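Asker: Here is my input; please provide its structure:
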Amino acid sequence: MNIPFSPPFIDQSVVDQVMETLNNKWITTGPKVKALEQEIQSLTDTDAVICVNSWTSGAILMLKWFGVKPGDEVIVPAYTYCATALSVLHCGAIPVMVDVLDDFNIDPEEVRKAITPKTKAIIAVDIAGWPCDYNALFAVINDKEIRKQFKAESDKQTLLNRILLISDAAHSIGSLYNGEPAAKKCDVTIFSFHAVKNITTAEGGAICLNLPLQFNPADEYSYLKMYTLNGQNKDALAKSKGGGWRYDILFQGLKINMPDICAAIGLAQIRQYNNSLLPSRKEIALKYCEGFENQSWFIPPPLASIQRESCYHLFPLRVKGLTEEQRDTIIDDLAALGVAANVHFIPMPMLTYFKSLGYNIENFPMAYQNYASEISLPIYPQLSAVEVEFIITSVISVIQIQLNSVIKLTDDQYVEPIKQMAVAS
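Answerer: Here you go, the predicted structure:
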């Protein structure tokens, strides 16, 4: 068997949307982007949606929009992809890393301890599609003593008058919180539409606004759309119309708009998402849970509770008693059987660049524990029932081999396992 980790979902409807865009000869930002923004707004029930060319550029944009500057602090989890912290660094600010909970997501109490008068924002990451505890995070932000510390230093900060809560929802389009779209639960939610995501535009992202009433969604949408086009007051489509060539630059913006040729891919996918693509992912996740439930080493990933439900972007399998070295061997053994697996994520303090900035993984024990025992299994609509069963059987087989702490030779003879393999707990 040859089972890739996460191929993009490309069916005839995707091909048709892309061909329609090509045939219309309008491939940069235009009607397809607008249609995708409207579909995302409908899916998330948020106040406004701005499509951009990546999650990272969307995060940089929103931090700059809020006035985050050199010397400011933004709290992020240590357990996430590097872009979460890099977006902060691109604004000249300091990423303040905190540890996570057993469910992979940021620990609200660690956030509380990390807040200082320099804290301007918190970026909470929905790992694997599992929403963070946003009620708990807002309870921290709105604490009377925390609010007293906040120092507004820009127009947007003055208007909000507290720490901004951003959801890094790169994994979590379609996740639910208290029965509603999780994207509604933050001031700002940012999606990724990278090739491996539940919905893809090849490369791309979207910003969803859910700001308090003192903000006007239409005004913020117009301003942010200009920001994605270098601060230009007209987009290319408006300029292309007769007599529409004249434009102005109103402020120092960025060039991070999404083109129609990319939006066309996502537009075809999002129209199938709730009825087809998302249920397929959920079905596979439940099959995995059923297949592993009798294994003593199986730690079920957070998928659903009374309050929250994942969008099943990843299936983050964790194995009790596993060392990092054993986990790596298991992934290699699965690859030898034709099953591509992955790890989400290498904690940022383990990466060379962040180590050079002084971050140390020893300060984030839960992040390391989650990482060392985590194996991301394939989960996508194109997987067949036969392939899912093969993955389950293969995973059980290779894990059992690694968890044998001794190898029996005869009835009364044993040898120690390969060096560096810890005895399973």
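
Asker: contacts and neighbour counts: CA atoms only from here.
Answerer: OK.

Asker: in this structure, which residue is closest to the centre?
Answerer: A170 (2.6 Å; Cα atoms, centre = their mean).

Asker: Next up, the contacts around that residue.
Answerer: Residues near A170 by Cα atoms under 8 Å, 6 or more residues apart in numbering: W55, V125, D126, I190, F191, S192, F193, K197.

Asker: Next up, the contacts around the spatially closest residue to L250 that is not a sequence neighbour.
Answerer: The shortest distance from L250 to any non-neighbouring residue, by Cα to Cα, 6 or more residues apart in numbering, is to G231 (5.5 Å). Neighbouring residues of G231 by Cα under 8 Å, 6+ apart: I249, L250, F251, Q252, G253, L254.

Asker: Now with 10 Å, please.
Answerer: Going by Cα atoms under 10 Å, 6 or more residues apart in numbering, G231 touches Y223, L224, K225, D248, I249, L250, F251, Q252, G253, L254, K255.

Asker: Also Q400?
Answerer: Contacts of Q400 (Cα under 10 Å, 6+ apart): Q295, W297, I330.

Asker: Residue for residue, what is the longest strand this protein has?
Answerer: strand 119-125 (DSSP state E).

Asker: What pairs with that strand, parallel or antiparallel?
Answerer: strand 73-77 (parallel), strand 164-168 (parallel) (DSSP bridges).

Asker: hang on, the earlier thing: just the buried ones from the contacts of G231?
Answerer: Taking 16 or more other Cα atoms under 10 Å as the criterion, what is buried in the contacts of G231 is Y223, L224, K225, G253, L254.

Asker: circling back: with pLDDT, distance to I141 and secondary structure added, can I get the contacts of A170 in TSV?
Answerer: Output for the contacts of A170, formatted as TSV (pLDDT from 0 to 100; distance: Cα to Cα, whole Å; DSSP: H, G, I helix; E, B strand; the rest coil):
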residue	pLDDT	distance to I141	secondary structure
W55	98	24	helix
V125	98	16	strand
D126	98	18	coil
I190	99	19	strand
F191	98	22	strand
S192	98	25	strand
F193	98	29	coil
K197	98	30	coil
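
Asker: Just name the closest of the residues you listed to I40, please.
Answerer: Of all the contacts of A170, F191 has the smallest distance to I40: 9.9 Å, by Cα to Cα.

Asker: just checking, the closest one touches E203?
Answerer: No: with contacts counted by Cα atoms under 10 Å, F191 stays clear of E203, the gap being 11.3 Å.

Asker: joint contacts of the two?
Answerer: V52, S54, W55, K197.

Asker: picking that back up, any idea how far the longest strand of the chain is from the chain center?
Answerer: From the chain centre to the centre of strand 119-125 is a distance of 14 Å (Cα atoms, centre = their mean, to the nearest Å).

Asker: got the CA positions of that strand in PDB?
Answerer: Provided in PDB are the C-alpha atoms of strand 119-125 (Å, rounded to 0.1, in the frame of the first residue of the first chain):
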ATOM      1  CA  THR A 119       1.200  42.500  26.800                       C
ATOM      2  CA  LYS A 120      -0.900  43.600  23.800                       C
ATOM      3  CA  ALA A 121      -2.300  40.300  22.400                       C
ATOM      4  CA  ILE A 122      -2.600  36.600  22.900                       C
ATOM      5  CA  ILE A 123      -2.500  34.200  20.000                       C
ATOM      6  CA  ALA A 124      -4.300  30.900  21.100                       C
ATOM      7  CA  VAL A 125      -3.800  27.900  18.700                       C
END
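
Asker: Please identify the buried residues of the helix or strand that it is followed by?
Answerer: Downstream of strand 119-125, the first helix or strand assigned by DSSP states H and E is helix 134-141. Buried residues in helix 134-141, counted by 16+ other Cα under 10 Å: Y134, L137, F138, V140, I141.

Asker: What is the neighbour count of K113?
Answerer: K113 has 10 neighbouring residues, counting by other Cα atoms under 10 Å.

Asker: Model confidence score at it, please.
Answerer: Here, the pLDDT recorded for K113 equals 98.

Asker: need the contact list for it.
Answerer: Contacts of K113 by Cα under 10 Å, 6+ apart are V98, V140.

Asker: Show me which residues of the host helix or strand of it are buried.
Answerer: Take DSSP H and E as the rule and K113 turns out to sit in helix 108-114. The neighbour-count check on helix 108-114 (16+ other Cα under 10 Å) flags P108, E110, V111, R112, A114 as buried.

Asker: isn't the last one right next to I75, touching?
Answerer: By that I understand A114. Yes: shown here, A114 and I75 form a contact pair, counting by Cα under 10 Å, at 7.4 Å.

Asker: Any chance you could list residues touching both of the two?
Answerer: V96, M97, V98.

Asker: Buried residues, whichever helix or strand M62 is part of. List them.
Answerer: In this assignment (DSSP H and E), M62 forms part of helix 55-65. Neighbour counts over helix 55-65 (16+ other Cα under 10 Å) mark W55, T56, S57, G58, A59, I60, L61, M62, L63, K64, W65 as buried.

Asker: now it, how far from the centre of its chain.
Answerer: With Cα atoms, centre = their mean, you get 14 Å for helix 55-65.
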